[in-house]
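[1] I need the structure of the sequence given here:
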Amino acid sequence: MIGDIQKNTPLSAYQPSEDVLKFTAEMKKDYSAGVDILQRPWVELNDRSVIEDTNRGQAMLNSYVDTAVEDPNEAYKWRGTRSMARNKGIAMHAQLTAGYLLPMFVAQNENDEVDKDFSEVMRDIVEWMASPINSNYQSSFLQIVFGMESNPVTYLGAEYNEVYQKIKEKTDNGYEVKEVLDEVLSGFQAPIWSATQVLITNAYERNIQKQRCIIKRRYVEKAELEAKYGKHENWEFVKDGVKSVYSDDDGLFYDIKDDDHPHLVAEETYLNRREDTEICLINGIYFGDKNLDDNPIRHRDNRGNPKYNLTPFGFSRIGEHFFYYKSMMNAMGWDNNLYDAMSEVAMNRALLETEMPMAYSGEGKIESDVIFPNAIVNMGKDDKLTPLLPGSNMANIFNAIRETADSMTEGSVSETMSGQLPQASQKAYSVAQAQAQAKKMIGAVGKSLAESVVQYGSLMKDIIINHITIPQVEELTGGTMKMKYKSFFLDNKNSGGKMTDKTIKFDETLIGKEMTDEDKKYEELRMLEESGYPDEKNSLIRVNPEMFAKFNYLCKVDVEEMFTKNQEYWQPVLLALRREMLNDPFIDMEKLDRRVMYEHFRSEGDNYIKEQSQTIPGVPNAVTEQMQGRGSEMVGQYNKKTANAVTEPIL
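    Down below sits the predicted model:
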């Protein structure tokens with residue numbers, strides 16, 4: 001996009017139309033403004049640029065040490081790091097990623113009425129999207145938290161692609177080349193973008209959706225982009241390691257060699273939400289529609305409005321308006337440098353104390369080459385060895401190191417929460433206070449993480465409504481076409497107090513269908529058989545796809561989910577709760593017992609629950625009579641769980 005054009009720079013074969021020239025010139029201005037924001041020193045970052053702060057934070061988190069020594073007389077000194085900031089960062093990462101944080105949803109219709117069934121379905125599909133077999137969300141979430149600790153900002157993208165690849169299929173006449181969906185590059189993807197890969201135009205606007213425009217840039221192999229853009233008329237101009245740069249002086253494009261990336265190509269995507277424009281340039285070459293106005297932003301919400309498909313993540317905010325964040329390494333930088341400096345002083349002094357340099361006076365000759373184990377040296381009565389260094393009080397140095405370590409602990413995670421046992425001399429009250437303080441600190445960071453996850457959840461919701469839950473065209477026998485909706489399978493989900501598999505089925509037969517209360521009961525009874533009754537191995541949910549897409553879904557996140565509550569936590573809590581609630585008429589003891597048994601025995605817990613037959617209050621007698629032939633257990637099953645079926649269209 002930008003580069004130095006010299007007199008001998010060759011003219012590019014790519015020379016686009018006047019409209020593209022005008023767009024490229026405007027984009028170049030925004031590109032230069034974004035690069036300036038990355039390179040400019042900011043007071044909020046301690047007079048460092050975004051690039052410098054990123055490099056510094058990553059070096060600290062990776063325990064980088066410059067071991068180069070110019071003076072040989074200084075080579076004996078210890079040069080290293082105690083990795084205190086890294087250790088605290090790993091402990092913080094373990095706390096924040098105890099679970100893969102996902103948003104919850106509140107489904108509201110046009111009258112702001114909440115529907116719990118649709119809320120649960122949206123949450124379940126998001127969980128399905130985030131599973132490792134369907135996307136890279138979980139691995140990206142782990143990396144995004146490391147990015148929060150080291151970078152002033154890290155972005156998580158939400159993309160849905162349909163990319164085709166060529167494969168060779170063996171036939172009777174040899175091999176035939178055909179195009180199939182590329183499972184690796186297609187579907188929902190959660191790519192990570194670093195601070196330097198995204199350009200913004202306003203460093204004092206925190207809401208990324210309010211940025212006038214953003215530019216995403218990355219370097220990839222040409223073959224990868226060929227799958228997406230190979231059929232575009234400008235693909236012939238794309239060359240590895242060569243950029244086509246627009247000159248403001250004469251309005252022409254020139255080819256500049258990219259020595260830093262000789263075997264890659266630059267993909268730069270311009271997005272302007274207000275103008276609803278998304279255009280990609282590869283090595284500076286236009287890859288949009290022929291009509292410049294026909295380049296809408298691909299990511300849209302369920303109302304059809306454009307949105308930037310990036311969410312910024314950071315450790316903690318700086319000031320009221322600054323876009324970038326203060327990373328954990330930025331916050332701990334001074335203490336970490338002091339800790340390493342004091343450790344260097346202590347270690348080097350300890351080396352000198354152990355192998356003290358000496359001064360010799362007298363008529364004999366004693367040099368360092370005769371100092372070795374079991375050496376015997378003759379000395380006269382006037383010969384004398386004197387230490388060159390005075391005695392030191394090492395206690396003061398180590399006290400300073402401990403004070404620095406305590407300061408770093410106050411701003412991060414305590415040793416106990418990191419998994420270390422407290423010293424025997426520490427009182428339980430002091431340990432509890434340190435843990436409470438660390439939990440507050442983690443909670444504050446968790447709120448920043450939760451804020452970003454809520455924004456990202458909104459992008460995931462858009463992809464679900466616009467891509468994942470829409471019908472797909474299926475070819476039937478005889479060449480006829482049919483629209484088919486996806487079904488979603490989730491294993492080991494809580495359903496009516498039991499851990500079962502869950503299937504969510506978007507059923508086109510429910511679209512526009514009106515059902516009486518009696519119809520719903522008949523339908524729900526029929527679905528019991530489909531769910532694997534009487535074992536209830538699978539919980540089945542049928543959803544009206546048309547009404548599901550019309551709801552407005554508000555995202556929220558529970559910060560407490562970031563604090564792990566394992567079996568050791570839940571077992572005594574649930575047992576105590578069961579004793580307290582034993583005679584409470586508003587508590588379903590069977591469901592509570594199932595939860596208690598699950599925490600002790602996991603999936604085998606249901607084996608210890610006694611099955612009970614129940615009646616069906618409110619069901620017409622005619623229905624009950626028809627069910628008697630199936631046994632009283634069917635009656636009890638209906639009463640225990642019928643809400644699993646979302647059978648009625650919400651009109």
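
[2] Can you tell me whether I have it right that residue 165 is in a helix?
    No. The assignment for residue 165 by DSSP: H, G, I helix; E, B strand; the rest coil gives strand, which leaves it out of any helix.

[3] since we're on it, how many residues are nearby?
    14 (other CB atoms under 10 Å). (Each C-beta comes from the backbone N, C-alpha and C, glycine too.)

[4] any idea how far it lies from residue 230?
    Here the criterion is CB to CB, to the nearest Å. By it, residue 165 lies 11 Å from residue 230.

[5] residue boundaries of the strands in the stretch 451-600 of the chain?
    Per DSSP state E, counting those that start in this stretch, the stretch 451-600 of the chain carries strands over the ranges 472-475, 481-484, 487-495, 498-506, 538-543, 552-556.

[6] Quick check: neighbours of the last one in the sheet, parallel or antiparallel?
    Strand 552-556 has the following strand partners under DSSP bridges: strand 104-108 (antiparallel).

[7] what comes into contact with the helix or strand just after the strand it pairs with?
    Next along the chain after strand 104-108, taking DSSP states H and E as the criterion, comes strand 114-115. Contacts of strand 114-115 with the rest of the structure, by CB atoms under 8 Å, 6 or more residues apart in numbering, involve 106, 107, 108, 109, 551, 650.

[8] ok, of those, which come out buried?
    Buried subset of the contacts of strand 114-115 (neighbour count, 16 or more other CB atoms under 10 Å): 106, 107, 108, 551, 650.

[9] So, low pLDDT: which residues of the stretch 401-550 of the chain?
    The model of the stretch 401-550 of the chain has pLDDT under 70 over residues 410-441, 474-481, 494-499, 515, 517, 520-537.

[10] change it to 80
    Using pLDDT under 80 as the threshold, the predicted model of the stretch 401-550 of the chain has low-confidence ranges 401, 403-444, 472-483, 492-500, 512-539.

[11] rewinding a little: any idea which of the contacts of strand 114-115 is closest to residue 282?
    Distances from the contacts of strand 114-115 to residue 282 were compared by CB to CB; the smallest belongs to residue 551, at 38.7 Å.

[12] Would you mind measuring from that closest one to residue 107?
    For residue 551, the distance to residue 107 equals 5 Å [CB to CB].

[13] again, but for residue 554
    Counting by CB to CB, the gap between residue 554 and residue 107 amounts to 8 Å.

[14] cool, and residue 579?
    According to CB to CB, residue 579 and residue 107 sit 36 Å apart.

[15] repeat for residue 397
    Using CB to CB, one obtains 61 Å as the distance from residue 397 to residue 107.

[16] Going along the chain, name the helices of the stretch 351-500 of the chain.
    394-410, 428-463 (DSSP state H, counting those that start in this stretch).

[17] Excluding chain neighbours, give the residue nearest to residue 385 in space.
    residue 358 (4.8 Å; CB to CB, 6 or more residues apart in numbering).

[18] Any idea what the one you found is bridged to?
    For residue 358, the beta-bridge partners are residue 387 (DSSP bridges).

[19] Quick check: it touching residue 389?
    No. When contacts are counted by CB atoms under 8 Å, residue 358 is not listed as touching residue 389 (9.7 Å).

[20] Which one's more surrounded, those two?
    Neighbours per residue (other CB under 10 Å) separate residue 358 from residue 389, with residue 358 holding more: 14 against 11.

[21] Tell me how many other residues crowd residue 544.
    Per other CB under 10 Å, the neighbour tally for residue 544 reads 23.

[22] Just say helix, strand or coil for residue 311.
    Three states are possible here, and by three-state DSSP the one that applies to residue 311 is strand.

[23] Now do the domain split for this structure, please.
    The chain breaks down into these structural domains: 18-328+447-461, 469-640 (assignment by automatic domain parsing).

[24] can those domains go into CSV with extra columns for distance to residue 406?
    Converted to CSV, the domains of the chain look like this (distance: least, CB to CB, whole Å):
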stretch, distance to residue 406
domain 18-328+447-461, 11
domain 469-640, 23
